[in-house]
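[1] Fold the following.
(one chain, ligands or ions: 1)
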Amino acid sequence: MIYLDNSATTRQYEEVTELLCHMGKEEFGNPSSLHTLGFAAANTLSAARAQVAAQLPPGGTVVFTSCGTESDNAAIFSAVRKRKRRGNRVITSQVEHPAVLEACRRLEEEGIEVIYLKPDEDGVVSLRELEEAVNEETILVTLMAVNNEVGAIEPVLPAADFLKAFNKRHGTEILLHTDAVQAFGKLALGNVPADMISLSGHKIHAPKGVGALFLRKGLTLPAHIVGGGQEGNLRSGTENTGGIAGFGLAAELAHKDRARKMRQMAEVSEYLRKGLMESLSEVRCNGPEASGESMTEYGKRCPSVLNLSFAGTRGEVLLHTLEQDGIFVSTGSACSSHKTGDSHVLRAMGRSHKEIEGAVRFSFSEFNTIAEMDEVIDRVTAAVKRFRRLGSFR
Ligand code: PLP
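    Numbers count the residues shown, from 1 in each chain. This is a model prediction of the structure:
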C-alpha cells in the first residue's frame with residue numbers, strides 16, 4: 001500500500017497504538033475520581049498537556065477537545081461571545097476548512113458581519129486585503145496556517161504583527177485564531193503569536209476523536225461546553241484519556257527530528273511534482289510550487305500537500321484507478337468530497353470547472369519514500385495517458 005492521503009488522516013504511530021491498549025486495559029480511571037486510579041489518569045492528562053504545550057508558544061493553556069472541528073467552533077463562538085460588545089465584524093478567508101466556514105455562516109445568521117478574504121491563484125490570502133478589511137468594529141480574525149487542499153502557508157505571522165500594531169493604535173482587542181490542524185507536527189508553531197490555535201490528533205498519527213485548542217498566555221474564554229467543569233471549566237465532559245495520552249505521545253514523536261523529516265517530505269513531494277509534470281503534459285500545480293518549511297515562508301507550500309490538476313482526466317476516476325494498485329489519494333478535502341464534490345478552495349483560486357474536476361491531492365507523511373513516488377509516477381502517468389486516449393473526459 002502507498003498511502004498518500006495523510007491530510008485526511010494518518011496511520012497511528014505503533015507506540016501510540018500500544019499506549020492506547022495499555023490505557024484501555026490498565027489506566028482506565030476517570031481523572032476526576034479521588035482514588036489512585038483517578039490520580040494516575042489525572043497525571044497522564046497533565047503529562048500529555050505538557051507534551052502538546054512543548055510545541056506551542058510558551059505560557060499558554062492547552063484545552064483538549066474531541067477534534068479539530070470542535071476546536072475551531074470553540075475558538076470562533078467563544079471568542080465572539082467574549083468580544084461581542086466591542087464590535088460586530090469577523091474576518092476569515094474563502095479557503096478555510098468547513099469547520100471555520102460553517103461556524104462563520106452561523107455567525108452571519110446571528111447578525112455578525114463576516115468578511116471572506118479572497119486568495120490569490122495559489123490559494124494564499126492577501127495581507128493587504130486583510131489590512132483593508134480590519135476596522136474598529138472587528139473582533140476576530142480567523143486565518144488558517146496551512147491550507148488542507150493545496151498546502152499554501154498562509155500569512156499568519158504578518159497578520160499577527162499587523163493586528164498587534166492595529167490594536168495598539170486603536171485601543172481595540174481583536175483576537176487572532178489560526179486553524180493549525182495541517183501545520184502542527186510539520187511547521188514549528190512555537191513562535192506563532194496567535195491568541196488561539198486549533199489542533200487535531202488524527203493528522204499527526206494519534207487516534208481520531210481528540211484535538212486541542214491552545215489559548216495564549218493570559219487569555220480566558222467562556223466555556224463552549226458546560227457541565228462538570230473539566231478542562232479548566234472551558235470544555236466539560238469526561239476526558240478521552242487514552243486519546244489524549246496518544247495525542248501527547250504523537251506530538252512528541254512527530255516533533256522529534258522534525259526538521260530532517262520535513263526535508264525528506266519536501267524531497268518526496270518535489271520528486272513527485274517534477275516527475276509527473278515531466279512525464280505528462282497539461283498538468284497544473286494547484287497551490288504554490290515552491291515548498292517552504294516554516295511559518296515565516298508564507299506564500300510557499302507546506303510539503304505535506306501537493307495538489308495537481310490533470311487535463312482530460314477526472315480526479316475521482318483517477319483515485320479509484322490508483323486504489324486498485326494500492327495507491328491511496330484524494331480529490332480534495334475529505335470533508336467536501338461527500339457534499340458537492342466541488343472544491344470551494346480551487347474555486348476561490350479561480351480554477352476552471354475542468355481543472356477542479358481533474359484535481360488530485362497527494363498528501364504525505366514522514367513515512368513516504370522516493371521509491372514509492374517512482375511507482376506513483378508510473379501508475380498515474382499510465383492512467384492519465386489511457387484516459388486521454390479514450391478521450392471521454394475532454
Ligand atoms: N481544519 C483543517 C485545516 C483540516 O484539514 C481539518 C480536517 O481535515 C479540520 C480542521 C477538522 O479536523 P477534525 O477532522 O479533527 O475535526
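
[2] of all the residues in this protein, which ones are close to the ligand?
    Contact residues (Cβ under 6 Å from any ligand atom) of the chain with the ligand: 67-69, 72, 97, 99, 144, 148, 179, 181-182, 200, 202, 211, 333-335. In this view, the C-beta of every residue, glycine as well, is placed from N, C-alpha and C.

[3] Without its sequence neighbours, what residue ends up closest to the closest residue to the ligand within the chain?
    Relative to the ligand, the nearest point of the chain is Gly68 (2.6 Å; Cβ to the nearest ligand atom). In space, Gly68 comes closest to Ser200 once its chain neighbours are excluded; the distance is 3.2 Å by Cβ to Cβ, 6 or more residues apart in numbering.

[4] Isn't Ser78 up against Pro222?
    Yes - if you go by Cβ atoms under 8 Å, Ser78 and Pro222 touch, sitting 5.3 Å apart.

[5] Phi, psi for Arg105 please.
    Main-chain torsions, Arg105, degrees, to the nearest 10: phi -60, psi -40.

[6] what's near enough to touch it?
    Taking Cβ atoms under 8 Å, 6 or more residues apart in numbering as the criterion, Arg105 is in contact with Val114.

[7] mind checking pLDDT for it?
    We have a pLDDT of 98 for Arg105.

[8] So Val63, which state does it fall into?
    Under the three-state scheme (DSSP: H, G, I helix; E, B strand; the rest coil), Val63 adopts strand.

[9] For beta bridges, what are the partners of it?
    Legend: beta-bridge partners of Val63 under DSSP bridges are Leu213.

[10] how deep is it tucked in, by neighbour count?
    When neighbours are counted by other Cβ atoms under 10 Å, Val63 registers 24.

[11] check contacts around it.
    Shown in contact with Val63 (Cβ under 8 Å, 6+ apart): Ala74, Ala212, Leu213, Phe214, Leu215, Glu231, Gly232, Leu234, Arg235.

[12] so the last one makes contact with Val226?
    What it means is Arg235. No - using Cβ under 8 Å, Arg235 is not in contact with Val226; the gap is 9.3 Å.

[13] With neighbour numbers in mind, choose between those two.
    Ranked by neighbour count (other Cβ under 10 Å), Arg235 and Val226 place Arg235 first, with 25 against 12.

[14] Now do the same contact list for Arg351.
    Arg351 makes contact with Asn286, Ser309, Ser343, Ala359, according to Cβ under 8 Å, 6+ apart.

[15] What's the separation between the second one and Gly315?
    Spatial separation of Ser309 from Gly315 under the definition Cβ to Cβ, to the nearest Å is 8 Å.
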